[in-house]
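In: Could you work out the structure for the sequence below:
(chains A, B and C)
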Amino acid sequence: MQPIVEFQNICKEYPGVVANNNVSFEITRQSIHAILGENGAGKSTLVKILYGHVKPDKGQIIINSDLATINSPTTAQSLGINMVFQHFSLFESLTVAENLILGMSEKISLSKLKSKSESICNKYGFNLNLNSPISALSVGQRQSVEIVRSLLNNPEILIMDEPTSVLTPEEIKKLFKIIKKLVADGLTVIFISHKLDEIINLSDHVTIMRNGKVVSNLTTKNEDPESLGYKMLGYKVSKTKQINNINYSEDVLSLNNLSSYSQDPFTTNLNKINFKLKKGQIFGIAGVAGNGQKELMEILLNENDYEFNGNIIFKNININKLSTFQRKSLSISYVTEQRLGHSAVPEMSLSENILLSMNHKAEFKRGDFINFDRINSYANDVIKNFNVDTPSFNVKAGKLSGGNLQKFIIGREIMSNPELLILSQPTWGIDAGSEAFIKKSLIELSQKGVSIIIISHDLDELLEVCHNISVLYEGSLSKSLNVENIDITKLGKYMGGLFD
Amino acid sequence: MNIELIIGILNIVLISTTPLVFAGIGELVTEKSGVLNLGLEGLMLVGAVTGFITLVLTGNYFYSLFFSIISGVILSGIFAFLVLNLMTNQIATGLALTIFGIGLSAMLGKKFSGTPIEGLNPYYFITISFLLVFLVSYFLSKTKSGLIVRAVGENHNSAYALGYNVIKTRYMTIIFGGIMSSIAGFYISICYAPMWQEGMTAGRGWIALALVVFATWKPWRLLVGAYIFGGVAIMQMNLQAMGVKLPGQFFNMMPYLATIIVLVFISSNKLRLKLSAPASLNIPFEKNQ
Amino acid sequence: MVYLISIKLRDDYSNFIFYLSPLVAVVLTLFFGSFIFLILDLSPIESFKIFFISPISNSYGISELFVKATPLAIIALGLSYCFKNNIYNIGAEGQLTMGAIFGGGIGLLFNDSTSIFLLPLMILFGAIGGAFWASIPALLKTKFNTNEILTSLMLTYVALFILDYFVVGPWKDPAGYGLPKSMPFPDAGRLPVLFDGLRIHIGVFFAIIICFITHIVYNKTLFGFKLRVSGLSSKASQYAGFKYKNLIFYTFIISGACAGLAGLFEVSGPIGLLYRDISPNYGFTAIIVAFLGRLNPIGIILSSLLIALTYLGAEDAQLFLKIPSAVGFVFQGLVLFFLLGTDFLNKYKVSIS
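Out: Numbering: from 1, shown residues only, chains lettered A, B, ... in the order given. Presented below is the predicted three-dimensional model:
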């Protein structure tokens, strides 16, 4: 039987990154096909191409043996392709019925909609009240609305992007039953996931992607979580780098039973996070995006008075209630994932961006007046010491290249002599030279006794620089693994959610 | 308190608040799609003067209404182009429209000021206003196009993701609002006064804005609210005559204070806010090209 | 041939275009303005002379220019604090009114005083009145997250009704023939003029001082820095540890105080008493002045002079060209339209392929 979908040499590039690099594989009709990979593997781009949101630079897609040109979601839908997004496109204040109608391209009367959706719900076990506003529904129910909305279009292919990331275990079980039934009734399901146990339980085939390329195409029943995890990371073994031992023995930071809870279904709740950090230690927190990294960073940064249980102890001081300003005054420095618009203001000069982070330091102000001489000379020092390619400190931050900006930001923090430096995705999207420079700077910094936490989706980065790594998965932190002689299989399992 | 007095008051209230209903229902639809148009006062005045001048020049009520509406289409079209295509600040643009409209109407109307005309029976429009509220209510709650308007106002990114043309939808709601405001102006100069005088809308455009919020963006509430606002203004004159001690300005203030209270009420409870106000209100829609 | 117009957010920030666009807007306004004059059967050159040149062709005219520009500049300077922070205080007209009521009330309370402290006290209360009125939408926003645009707007009308109440009621001048106005303020409560026979008053110095202070605050203080960051990026503002709610409150208070000052200067200066029409829309026009001046203190002074000229030009146009003074509003509205339009080119790069 011919495959229902065939990707042939799909290529897509964005400035600075190759999202899809000659991706070719087939999807069998009436099967459940998983696409596995870490962040930046290219999975999202590929399915967006299939759904018509993105146009490939090169390559073809064959649907049912016909060459398909998919220009828009409407075209995709007419070819029988529908997608359920990770972040739903629902309208909060409108009812379920209204949301369903909006998802349908053809005109449909309310009574016809009712009967059609009722039959779908009955068939697959969805429990939906058509008159209820979306705001009153649980996350699982909202996803059901998204799925029913897709099913109303009589699709042949259903794409699901990380479908279980917001569901409870109960809801996941229900979802799996529904998917299996859908496939038994003739549908083909493609789903993106990084969760190994789910892929093992649900899929018939799995395609593993890394850095835009297809790494393997596997039949799931021939695999187990360990082999999948290993294959997901496999070739990394040669990439680990030897870094020096930790020279100090005092604990600088400890997180004790840190848990957080939020009403917002798209926030990951943190679950009893525990770790200790020594002086001079570089600790990496790995994991696919959406597993709690953002929430953890927010708690460490305390920009929003996030609520949480547990303790953060820094050098024997409980810093739970301290504001960002106060934590910075204690010599904790931060580099956020988003540069422009978060750790730097693009419309402001480099000098002013120094002040952005250093306004807690008395040396930069006299009363409320800014001491520009000091700030400018600090900016000059950062520019010099961190190889920032820019004519002067008056240049606006938005004009710097990604790599130079990041060197500037990290240099700004490092030169304030922090005792603890926390970075999120420090080398994403920058040139190789800047990347190498930053990694070197971090290692040198740790040798001087500064403790560093790096939260990153990029395992390469962590393996090169950290002393040890833990994996964050659905808000829980795994045991930490020493980077020196790391057990890649274990790391792979942790990444896929299978902690010891 | 006899029946005649009550009927008389009701009559006055109906006649004098109808412009609020027109302008208000137009702005309601505009805001439902996520756009805030502060230019109502300007639109009303230009509609009023255009209708007046056309009537004086042609003597024909239909032409008069027609050109009044055209003026609304042109001005609100300019507003729409600025805020939708050029993504200008909606507040500033609406303000510019109001100030420009006040000036333009005064300039155009100068030559014709004081010309007597025969007014049109206001009850035509009063009936239309009721019909309009009914139609808009039906449109928004029962038709797919109305649903699209609500969706765009609620979450323009999701609407776009589902393939709906956000810009086109908003053009239509803005121009609809412009037409409604110019009809309100037409009513004032042709049916209510009837005459032309500089600035004769006397702030009704701003009241209409308050009205939309006060009515929590629901058409029937808008109708009721318009009569409350208008009724209060009329009542305060009569209350004074009846010897009520509170100063008239106190009553005049009431609708505005009440609107503030409604605003606080619906914004402090986040859920209420979600159910009432279009979430995309005043946020420009930027398509990533 | 199919043309694709693509619009991209600019990643280069050009000061040149930023300050050029107001000039372009003014030029475009003049261009369109000449059309309007043509439609009215007037010669554009003659009309522009009457509108822009003749009002300031003598010392009296120049003095009047400053009389009108002073409240515009003071209010707009205050508003710039709010607008820089992306807070839309539309209620300056109301805050101006409350400043006039508070400060003017002091003047009426001590109606036979000759103390040199009377005027400073009135000025102080003028600022307090405006600040108080502005604190209401500020608190509603910080405590209840209520939209400040509509609340500040509604409060404008409330303030106007309060003024109305006082001038037809308790503060009505018994010797005023029943007209809705208060007693005139005592001489000690009048704003001194700078030159005999001209109406230009010491409010001008206040405008200059506020301009100077604002310049220093924006460019040299941490508070000004916090404002600018907050207006550019709320996330960066959080990263920097700045408290948004405090900033909202302070900026409202400052702009309210400025508007209140302007209101007091009007009634204690050129007007001399309290009555209904203390302001020809200054509170709203000041918004245009602030935008036209690019929220920059010097720019605001310049644009206040320009907009004041449109007020004077409109009066002269009414006298000499027999067109309504509301033509001034036409120019004000046009200049804002064009400014907003050219601002688009400032933010976005348009390319046609």
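In: Run a quick neighbour tally on the closest residue to A:Thr220 other than its chain neighbours.
Out: Nearest residue to A:Thr220 in three dimensions, chain neighbours excluded: A:Ser203, at 4.9 Å (CB to CB, 6 or more residues apart in numbering or on different chains). C-beta here means a position set from N, CA and C on the backbone, and glycine is covered the same way. A:Ser203 has 25 neighbours, counted by other CB atoms under 10 Å in any protein chain shown.
In: thought A:Ser203 was touching A:Ile32?
Out: Yes. The criterion here is CB atoms under 8 Å, and A:Ser203 meets it with A:Ile32 at 4.7 Å.
In: Now do the shared contacts for those two.
Out: Common contact partners of A:Ser203 and A:Ile32 (CB atoms under 8 Å, 6 or more residues apart in numbering or on different chains): A:Phe191.
In: mind giving me the domain ranges of the chain?
Out: Chain wasn't specified; assuming chain A. Listed domain ranges for chain A are A:5-223, A:239-495 (source: automatic domain parsing).
In: try chain C instead
Out: Using automatic domain parsing, the domain parsing of chain C gives C:1-38+C:323-353, C:73-305.
In: what about the first one, distance to the chain center?
Out: Centroid separation between domain C:1-38+C:323-353 and its chain, computed with CA atoms, centre = their mean, to the nearest Å, is 21 Å.
In: Now do the contacts for the nearest residue to C:Ser279 once chain neighbours are set aside.
Out: Spatially, and ignoring its direct neighbours in sequence, C:Ser279 is nearest to C:Leu96 (5.7 Å; CB to CB, 6+ apart). Applying CB under 8 Å, 6+ apart to C:Leu96 gives the contacts C:Pro71, C:Ile75, C:Gly130, C:Ala259, C:Gly260, C:Ala262, C:Gly263, C:Glu266, C:Ile278, C:Ser279, C:Tyr282, C:Gly283.
In: quick one, what contacts A:Cys121?
Out: Contact analysis of A:Cys121 by CB under 8 Å, 6+ apart lists A:Asn127, A:Leu128, A:Val148.
In: ok, the residue of the stretch 1-150 of chain A found nearest chain C to B:Val133 distance?
Out: For the stretch 1-150 of chain A and chain C, the shortest gap (CB to the nearest CB) falls at A:Pro15, measuring 11.6 Å. According to CB to CB, to the nearest Å, A:Pro15 and B:Val133 sit 52 Å apart.
In: so A:Ile179 sits right up against A:Val189, yeah?
Out: Yes. Contact status for A:Ile179 versus A:Val189: in contact at 5.5 Å, counting by CB under 8 Å.
In: Identify the contacts common to the two.
Out: Common contacts of A:Ile179 and A:Val189 (CB under 8 Å, 6+ apart): A:Ile32, A:Met160.
In: These two - which one has more neighbours?
Out: Legend: neighbour count by other CB under 10 Å for A:Ile179 and A:Val189, higher for A:Val189 (25 against 21).
In: Using the three-state scheme, assign the more buried one.
Out: Three-state call for A:Val189 (DSSP: H, G, I helix; E, B strand; the rest coil): strand.
In: in the sheet, who's paired with it?
Out: Beta-bridge pairing for A:Val189 (DSSP bridges): A:Ile32, A:Leu158.
In: tally of neighbours for residue 251?
Out: Just so you know, I chose chain A. Counted with other CB under 10 Å, residues neighbouring A:Asp251 total 16.
In: that answer is for a different chain, and I need it for chain B
Out: If you count neighbours by other CB under 10 Å, B:Phe251 ends up with 20.
In: Please identify the buried residues of the helix or strand harbouring it?
Out: B:Phe251 is part of helix B:248-268 when elements are defined by DSSP states H and E. Applying a neighbour-count criterion of 16 or more other CB atoms under 10 Å in any protein chain shown, one finds B:248-256, B:258-260, B:262-264, B:266-267 buried in helix B:248-268.
In: Give the other helices and strands that that helix contacts.
Out: helix B:204-214, helix B:219-241, helix B:270-276, helix C:118-144, helix C:148-168 (3 or more CB pairs under 8 Å, 6 or more residues apart in numbering or on different chains; DSSP states H and E).
In: Within the helices and strands, which one has the spatially closest residue to C:Leu153 that is not a sequence neighbour?
Out: Nearest non-adjacent residue to C:Leu153, counting by CB to CB, 6+ apart: C:Ile90, 4.8 Å away. If you go by DSSP H and E, C:Ile90 is not part of any helix or strand.
In: again, but for A:Thr489
Out: If you go by DSSP H and E, A:Thr489 is part of helix A:488-495.
In: other SSEs contacting that helix?
Out: For helix A:488-495, the contact count by 3+ CB pairs under 8 Å, 6+ apart identifies helix A:196-202, helix A:225-233, strand A:282-286, strand A:468-473, strand A:481-482 as packing neighbours.
In: For the chain, give me the ranges with low pLDDT.
Out: Because you didn't say which chain, this covers chain A. A:16, A:234-244, A:265 (pLDDT under 70).
In: Actually, chain C is the one I wanted.
Out: Scanning chain C for pLDDT under 70 picks out the ranges C:1-15, C:352-353.
In: for chain A, what are the nearby residues on it?
Out: Residues of chain C lying close to chain A (CB under 8 Å from any CB of the partner chain) are C:11-13, C:220-223, C:225, C:228-229, C:232-233, C:235-236, C:238-241.
In: Same list, those, but only the ones touching chain B.
Out: By CB under 8 Å from any CB, no member of these lies near chain B.
In: count of neighbours near B:Ile126?
Out: Neighbourhood size, B:Ile126 [other CB under 10 Å]: 18.
In: How is B:Met200 assigned, secondary-structure-wise?
Out: With three-state DSSP as the basis, B:Met200 sits in coil.
In: got the contact list for it?
Out: Here B:Met200 is in contact with B:Leu45, B:Ala48, B:Ile188, B:Ser189, B:Ala193 (CB under 8 Å, 6+ apart).
In: Would you enumerate the residues in contact with residue 183?
Out: By default, I'm working from chain A. A:Gln30, A:Ser31, A:Ile32, A:Val189.
In: let's do chain C instead
Out: Neighbouring residues of C:Met183 by CB under 8 Å, 6+ apart: C:Leu108, C:Asn111, C:Trp171, C:Asp173, C:Ala175, C:Gly176, C:Leu273.
In: Weed out the non-buried ones from those residues.
Out: Among the contacts of C:Met183, those classed as buried by 16+ other CB under 10 Å are C:Leu108, C:Trp171, C:Asp173, C:Leu273.
In: Out of those residues, which comes closest to chain A?
Out: Nearest to chain A, judged by CB to the nearest CB, of the buried ones among the contacts of C:Met183 is C:Leu108 at 37.9 Å.
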